[in-house]
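Asks: mind folding the following:
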Amino acid sequence: MAAKLFEIKELRNKKFVFEDRVDAAQWLARILLPRYDKASDTVVFGIPSGGVPVAVEIVEALNLPFDLIIVRKIPVPGNTEAGFGAVTLDGRVIINQDLVTYLHLSPDVIERQIASVRAELEERNHIFRQDRPLPDMSGKTAILVDDGLASGFTMLACVETVERLGASKKVVAAPTASEAALGRIGKRVDEIFCPNIRTGPYYAVAEAYRHWHDLNRQEVLSLLESAGFIQ
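Replies: All right, here's what the predicted structure looks like:
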């Protein structure tokens, strides 16, 4: 891993350490604050849906500008919680080839799943970002925030997006992550902030939270309105 890693050692390999996403964001803010409080030329990007409540708390704690990156995992057929890759808003695709091989997914199935995700991305960009252009990040730092990293492929899609926007420094911030995901992402970013790192063959983001649910669209919109991101 090339990235510099910031964690909270006493939380390593522990489950159900956060009350909810707000509590998790406050833990995350503690390790971000010394380096990024009111940092110049720095933008926090939340990843809908689950990353939005975490990012909103981080933005408030650090007094930084806020935006969203619209990416979506490519769901495994019959299991919407699992993904075998991710798609960016501009149509780029990242595939977990090892998982595709393991699941024996045919090219036709893969293409159908990708097409479905692309249609959803356009809709989510219209609703959550109101079709506004992404900011020019030339010479700036991008802090990419999600509520957890299982495989890391969705975050890799976000990293590629801010690279194309010109970001000079890429920072990943998530309350919880698998060690495997961090190893994969660490080759592409400068810093990773993750209070709760877990090792082992099995990992689920939800197991870091005592209270967990998938956010619906209205919950995300309410958070964006309260943050002043949309009217």
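Asks: can you list the weak-confidence ranges in the chain?
Replies: 1, 80-81 (pLDDT under 70).
Asks: give me the most central residue, it.
Replies: D146 (3.2 Å; CA atoms, centre = their mean).
Asks: biggest helix in the protein by residues?
Replies: Looking across the chain with DSSP state H, the single longest helix is helix 107-128.
Asks: contacts for that one?
Replies: With contacts defined as CB atoms under 8 Å, 6 or more residues apart in numbering, helix 107-128 is touched by 48, 68, 70-75, 77, 84, 87-89, 91, 93, 95, 100, 131, 217, 220-221, 224, 230. C-betas here are computed from N, CA, C, even on glycine.
Asks: run a quick neighbour tally on E179.
Replies: 16 (other CB atoms under 10 Å).
Asks: quick check, it in contact with I197.
Replies: Yes. Under the criterion of CB atoms under 8 Å, E179 makes contact with I197 at 5.8 Å.
Asks: which residues do those two both contact?
Replies: Counting by CB under 8 Å, 6+ apart, nothing touches both E179 and I197.
Asks: the strands in this structure, which residues?
Replies: 4-6, 42-46, 66-68, 71-76, 79-88, 93-95, 141-145, 169-173, 176-178, 191-193, 196-198 (DSSP state E).
Asks: the residue nearest to D131 when sequence neighbours are not counted: neighbour count?
Replies: Closest residue to D131 apart from its sequence neighbours, by CB to CB, 6 or more residues apart in numbering: N125 at 6.2 Å. As a burial measure, N125 scores 18 neighbours (other CB under 10 Å).
Asks: G91 too?
Replies: 10.
Asks: quick one on the thing from earlier: the longest helix of the chain versus strand 79-88: what angle between them?
Replies: If you take axes from the mean of the first three to the mean of the last three CA atoms, to 10 degrees, helix 107-128 sits at 80 degrees to strand 79-88.
Asks: send me stretch 89-102 as PDB with only the CA atoms.
Replies: Only the C-alpha atoms of stretch 89-102 are listed here, as PDB (Å, rounded to 0.1, in the frame of the first residue of the first chain):
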ATOM      1  CA  LEU A  89     -21.300   8.900 -14.400                       C
ATOM      2  CA  ASP A  90     -19.300   9.300 -17.600                       C
ATOM      3  CA  GLY A  91     -19.700   5.600 -18.400                       C
ATOM      4  CA  ARG A  92     -16.400   4.100 -17.400                       C
ATOM      5  CA  VAL A  93     -16.600   0.600 -16.000                       C
ATOM      6  CA  ILE A  94     -14.400  -1.100 -13.400                       C
ATOM      7  CA  ILE A  95     -14.800  -4.800 -13.100                       C
ATOM      8  CA  ASN A  96     -13.800  -7.200 -10.400                       C
ATOM      9  CA  GLN A  97     -12.600  -9.900 -12.800                       C
ATOM     10  CA  ASP A  98     -11.900 -12.400 -10.100                       C
ATOM     11  CA  LEU A  99     -15.500 -12.300  -8.900                       C
ATOM     12  CA  VAL A 100     -16.900 -12.400 -12.400                       C
ATOM     13  CA  THR A 101     -14.900 -15.600 -13.100                       C
ATOM     14  CA  TYR A 102     -15.900 -17.100  -9.700                       C
END
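Asks: having no further points to raise, I will conclude here.
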